Structure formats: structure tokens, C-alpha cells
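Student: My questions concern the predicted model and sequence given below.
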Amino acid sequence: MATPNAGFLARAEQFSLELARHITARFGIRDTVVIAIITIFLVYSVTSRIQVAYFSPLHRVPGPWHAHLTGLILKLHILYGNRANYVQALHEKYGPYVRVAHNEVVTCDPAAAKDIHAVGTLWRKWSHIPDNVTPNIFSIVDPKTHNIRQRFYKKAFSQLSLRKSMEPAVLATALEAAKGIKQDAEGSGGIVNVHEWFMLFGNDLMYLLTFGKGFGLIQQGKRLDSVVTAVGIHKMIAWVEFSLPLFLLGRFILSRFSTRMHTIFCADVTVNPTKDETVAQLRMKKDEEGRTVFAEAIEDAKEDEMLKGQGKTRLTDNEIAADALGFRLAGSEPVGVTLTYLIWCVLQRPEVQKLVEAEVAEVEITDAITEKLPILSAVILETLRLWGGNATAMRRKEDETAEGTVLGGYRIPKGTTVSTQAYSLHRNPEAWEDPFRWDHTRWLDPSQSHALSQDRFQPFSAGTRMCSAYHLAMMEIRLMATMFFKTFPGAKLSPSVTPESMAMVDRFNLFPKYNRCDIILGS
Ligand code: HEM
């Protein structure tokens, strides 16, 4: 017996045949085939997007309506350097789990952050480096390859080794920066943009770390905008993510007509050190002058039994060049940014400023001594909590488990990107009391010390993908901050510095909106 469904199917079949006959008669066979292929593609794309939007388990995760269908709005925010603030606003509206794109969820739940970034986690770093480009330590996805690479640097980046190898250079560079700040202020009525000097400080030290010779940016009085930084790379990647055709148009056509376009669309070409020069520098022998910590790390690895067991005792030339660039990009900016915000936070609170100045006034500036100063340490940790230089998205994927995973009660299907950002983790009211208030005293209470555990305080990330240079970064911040408060007691913020001017822009690292923090030096 014919069912009502069969009647419908028969009518649909007849309609389709009529339509096909009509189109074939009007456009000819070849054009009809093209139209059919395009139609099938469009129908497939739309239905699969609707399926992912409303019928995948992700539809239960709250978020703005458009995020269920597309990541376009998120990509626009990335393009404008606004991702961190956009995601924070979404957390404030929707809670600790938010769907920000059809295939991406963000979370500021400490339990999820702990799971995702734990040692031995199944969550893998998300990377858009194509297979044919040698990844650097920052972008390697495969955990085994990453583990091998990490071992190359482990010893050289321990606190003990760094105090021998890098501390004198960090101190000398901090002294140069303080001199530069003083001279700059003398030439401009006592007002100086300290952000610029802190950024040059961070950049100079990274050149020194990877190439043995600092490029003397501070001595040359270079301006910040003449230094190529990770910002360029971020803008370039943001364009790729937003629209590949627009990126290609910019890269191959527009970049020929304007230097600005060239720095945005061809940042990788501009920023890459010539490979031969880098490799020669980093393969220097033990007794050669100008050998870097980086070169030592590579050399030391030859004696590492575990690496030998893995059949790998040397880095290839391509790997060395990639890592030199990776360290420079990862390390040049966040130290300078954190220092800028530290000065901004302390100078807003004269009573805290007096305490820090009194604490550092008589001390010798060494890493071991400054590490033990309670007020300075508390001020650094509290600044890293609210205004750390690298508090932006850490994107991860879990592709191992066929049925996906569960986070915060939500099923996350395989292949979904999940991001945490310390900017929101550190502002989560479930994790921190009065989270938006900068209050260094929360770190003076010993019972707070467990907050340093990996779940709710992650300015340097956590687990195996934690910042390789944590000890170096902390040393740079401690020595430069001590140098500043000893040399410039009574410094004040210029009236031009406002919460609006210091709002953070998110370009791989976070920066003050106008790249400025003007201060007036005390007489
Ligand atoms: C205040 C300063 C710094 C902060 C807040 C910071 C923060 C971070 C964070 C959050 C990550 C993890 C990123 C991710 O997984 O997506 C990271 C990774 C990394 N950082 Fe830092 N960093 C700082 C300074 C530095 C410096 C000075 C260097 C270089 C000398 C450096 C080198 C690296 C490297 C190589 C990685 C990749 C580690 C890996 O994947 O194994 N960082 N950093």
C-alpha cells in the first residue's frame, strides 16, 4: 500500500526532473553540470553548518546567536586586536563557558584550565603553521617532538644557569634603560614614555640571548616603531584567518605600494633573520667570543643521555633558525608590557609606591636578593594577575578521543578548539575575591600561596607548554623594576595616562592601547 510519504517522494522526484529538464534546456549540459556541482556544494555547506550549529552537542554551550553559525565576529575582533576584551565581555555575560564560533569554545573555569594544561594532557596546541614549514618550540604540536625540543633548553634556562649566564647582561641592560629614561626626560621637560624603554629593554635582551650581541637598541636610542616585533606577525596571521583571499591580495599586490602594508602582510619575510647568519652564530664553538645561552643549550644537548636515547642530539639548521625566531618573538614583548603595567599600577597608589621604594632603597640589585623582597614580589604577582603581557588566548584541541571530552558538564566533540585566556581566568569572580581590584596584599597572606598552583593563576601557562623562560622573565622584571624604583623615587603618572589609554590591545601579546605610559620624574 502506498504511504503518504511515497506520494510526497514521487512528487518531489517529478519536480526535480522537471527542474533539471528546464535548466538543461536553458543552459546546456556543461553549464548544468557546473550549476549542479555548485548547488550540491552550497546545500552541503549550509546543512552541515546548520547541523554543527544546532544539532551538535556544542549548541548547549551558551553564547551569542551568531557564534553558533560562524566565527566571523570573533575573527573581526582578532583583526582589530580586541579578542581578549571581547572574550572577557562574553564571560561576564554568559559565564565560564562560552561558544565563540561554530567550532570554538572559550573557558575561564579553573578546573578546565587545569585539565587542559596539565602535564600529560591529551589537549594539543592549536597551530596554523603549514606542514612544510619547520615549527619552532612554541608552535610544535606533537608532544613527543615538543618534549625532545624542550630538553635542548632545559638546563640553560634553569634559574641557576641563568643567574650565571644572563644576570650580568640583564643588569647592564637595565642600567642602560634607566640612563635612557633619565636622558629622555631631561630632553622633554621631565616627561618620558617608559613603555618605550621597557620594550627596548625586552627586545635588546632577546637579541642578546639568541645572537650573542645585543643590537644595542637602547644605546642607539631606537624608537619602538622601528623595531619589528610579534605584532606584525599577529596582524599577518589575523588577516589569514579572517580571509585568505584578502590576505593574498595584500601580500602580493598591496604590499608593493606601501611600507605599512608590507609590514602587515609580509611580516614573516621582514622578521626572519637570514638563516645562514643565525645558524653560524648559534653553532659557535665553546671558546668563541659572543657565544650565547641559546648556543650553549644546543651544545649541552649533545651530552644529554635521554636525547641520545631518542636518537637525537643535534638540532638541524632549520630547527635552530626557527627556534631563534620563536624565542625572539615569544620573549621580546611580554616583559616590557608587564613592566609598563607594573609601573602604572604602583604609581596610581602612592602608599604602595613608598613601600616598594623603601624596600629596594638599600638593596644590592641581584636576582637572588630581589626574589626575596616581599612587597616587590607581591606587586609583580598582582600585576601579572591583572595585566600580564601574555594573558591572551591559548588555543588547544583534543583530537585523540573519538567521542570527544566533557568540560564543565558540556560535551565537547572531537576537533573543537577550546581556548583559555589568563586575562579572564584571573578575573573570574569564582576564583578570585574582588577580582578586578589590583591589590598586592592578596599575595602577602601565606594562605594565598596555593593560588600559585596551576589551576587559577597561569600568567606563564602551565604544564608541559609552560613558558620555557619563566625564570629569565621573572629575573628581567625583578631587576628592571628594582632599578626603576631605586633610580626614580617619587615618579608620578602624567595626566595623559588614563584607564582608557592603558586599555589592553591584544596582538599575540597584550599592549597598552596607545603604546605609551608617560611618567613625570621626581626632582
Ligand atoms: C612576563 C613575561 C612572559 C610571560 C607573561 C610569558 C608567558 C608565556 C605563556 C602564557 C606561554 C604559553 C603560550 C601558549 O601555550 O600558547 C609562553 C610560552 C613560551 N614563552 Fe613565555 N612569557 C614571558 C617571557 C618570555 C621570555 C623572556 C621568553 C624567551 C626568552 C619566552 C619564551 C617562551 C617560549 C619559547 C614559549 C613556548 C614554550 C613551549 O611551548 O614549550 N617567554 N610564555
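Tutor: Perfect, I can see it now.
Student: Please name the nearest non-neighbouring residue to the residue in the stretch 201-350 of the chain positioned nearest to the ligand.
Tutor: Residue nearest to the ligand within the stretch 201-350 of the chain: residue 331 (2.6 Å; Cβ to the nearest ligand atom). Where C-beta positions appear, they are placed from N, C-alpha and C, glycine not excepted. Spatial nearest neighbour of residue 331, excluding adjacent residues (Cβ to Cβ, 6 or more residues apart in numbering): residue 206 at 4.7 Å.
Student: My read is that that neighbour contacts residue 324, right?
Tutor: No - taking contacts as Cβ atoms under 8 Å, residue 206 lies outside contact range of residue 324: 9.7 Å.
Student: what's the distance between the nearest residue to residue 520 once chain neighbours are set aside and residue 376?
Tutor: Nearest residue to residue 520, sequence neighbours excluded (Cβ to Cβ, 6+ apart): residue 492, at 4.8 Å. To residue 376, residue 492 is 20 Å away according to Cβ to Cβ, to the nearest Å.
Student: So these two - more neighbours on which side?
Tutor: Legend: neighbour count by other Cβ atoms under 10 Å for residue 492 and residue 376, higher for residue 376 (24 against 17).
Student: quick one: contacts for that one?
Tutor: By Cβ atoms under 8 Å, 6 or more residues apart in numbering, residue 376 lies in contact with 356, 359, 360, 370, 478, 481, 482.
Student: Mind doing that once more with 10 Å?
Tutor: Residue 376 sits next to 342, 346, 355-356, 359-360, 363, 370, 440, 477-478, 481-482, 485 when contact means Cβ atoms under 10 Å, 6 or more residues apart in numbering.
Student: Can you go through those and name the buried ones?
Tutor: By neighbour count, with 16 or more other Cβ atoms under 10 Å, the contacts of residue 376 hold 342, 346, 355-356, 359-360, 370, 440, 477-478, 481-482, 485 as buried.
Student: Which one of the contacts of residue 376 is nearest to residue 125?
Tutor: Of all the contacts of residue 376, residue 125 sits closest to residue 477, with 25.2 Å by Cβ to Cβ.
Student: residues contacting that closest one?
Tutor: The neighbours of residue 477, taking Cβ under 10 Å, 6+ apart as the test, are 170, 198, 202, 334-336, 338-339, 342, 370, 376, 379-380, 383-384, 389.
Student: and these near the ligand, which?
Tutor: Restricting these to those touching the ligand (Cβ under 6 Å from any ligand atom) yields 334, 335, 338, 389.
Student: Filter those down to the buried ones and hand me the PyMOL line.
Tutor: For the buried members of those, the matching PyMOL selection, counting by 16+ other Cβ under 10 Å, is:
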select buried, resi 334+335+338+389
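Student: Format the ones next to the ligand among the contacts of residue 477 as CSV; extra columns: secondary structure and pLDDT.
Tutor: Formatted as CSV, those follow (DSSP: H, G, I helix; E, B strand; the rest coil; pLDDT from 0 to 100):
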residue, secondary structure, pLDDT
334, helix, 94
335, helix, 96
338, helix, 97
389, coil, 90
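Student: Please list the residues of the stretch 201-350 of the chain that sit near the ligand.
Tutor: 209, 326, 327, 330, 331, 334, 335, 338.
Student: Just flag the most distant two among those residues.
Tutor: Among those, 326 and 338 lie farthest apart (Cβ to Cβ), at 19.6 Å.
Student: mind putting the residues of the stretch 201-350 of the chain next to the ligand in CSV, distance to residue 299 included?
Tutor: Shown next, in CSV, are these (distance: Cβ to Cβ, whole Å):
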residue, distance to residue 299
209, 15
326, 19
327, 16
330, 21
331, 20
334, 27
335, 26
338, 31
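Student: for those residues, which one is nearest residue 465?
Tutor: Closest to residue 465, out of all of these and judged by Cβ to Cβ, is residue 330, at 11.5 Å.
Student: Looks like that closest one contacts residue 469 (just checking).
Tutor: Yes - at 7.6 Å, residue 330 and residue 469 qualify as touching, with contact defined as Cβ atoms under 10 Å.
Student: picking up where we left off before, any common contacting residues for residue 206 and residue 324?
Tutor: residue 294.
Student: how about the residues of the stretch 51-200 of the chain that lie near the ligand?
Tutor: 137, 138, 150.
Student: Need those in CSV (columns: secondary structure).
Tutor: Converted to CSV, these look like this (DSSP: H, G, I helix; E, B strand; the rest coil):
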residue, secondary structure
137, coil
138, coil
150, helix
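Student: Any stretches of the stretch 1-150 of the chain with poor pLDDT?
Tutor: Applying pLDDT under 70 to the stretch 1-150 of the chain flags residues 1-5, 130-132.
Student: Tell me which residue of it lies closest to the ligand.
Tutor: residue 138 (4.1 Å).
Student: Do a quick rundown of the helices in the stretch 51-200 of the chain.
Tutor: Per DSSP state H, counting those that start in this stretch, the stretch 51-200 of the chain carries helices over the ranges 72-79, 83-94, 110-117, 143-154, 159-165, 167-186, 194-211.
Student: Can you list the neighbours in contact with the fifth one?
Tutor: When contacts are defined by Cβ under 10 Å, 6+ apart, helix 159-165 is touched by residues 154-157, 170, 209, 291-293, 296-297, 300, 366-368, 371, 469-472, 474-476.
Student: Which among these count as buried?
Tutor: 156-157, 170, 209, 291-293, 296-297, 300, 367, 371, 469, 471-472, 474-476.
Student: In helices only, show me these.
Tutor: 170, 209, 293, 296-297, 300, 367, 371, 471-472, 474-476 (DSSP state H).
Student: Tabulate those (JSON lines), appending pLDDT and distance to residue 411.
Tutor: JSON lines is the format used below for these (pLDDT from 0 to 100; distance: Cβ to Cβ, whole Å):
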{"residue": "170", "pLDDT": "95", "distance to residue 411": "47"}
{"residue": "209", "pLDDT": "83", "distance to residue 411": "44"}
{"residue": "293", "pLDDT": "77", "distance to residue 411": "45"}
{"residue": "296", "pLDDT": "77", "distance to residue 411": "47"}
{"residue": "297", "pLDDT": "78", "distance to residue 411": "42"}
{"residue": "300", "pLDDT": "73", "distance to residue 411": "45"}
{"residue": "367", "pLDDT": "97", "distance to residue 411": "47"}
{"residue": "371", "pLDDT": "95", "distance to residue 411": "44"}
{"residue": "471", "pLDDT": "96", "distance to residue 411": "39"}
{"residue": "472", "pLDDT": "96", "distance to residue 411": "40"}
{"residue": "474", "pLDDT": "97", "distance to residue 411": "39"}
{"residue": "475", "pLDDT": "98", "distance to residue 411": "43"}
{"residue": "476", "pLDDT": "98", "distance to residue 411": "43"}
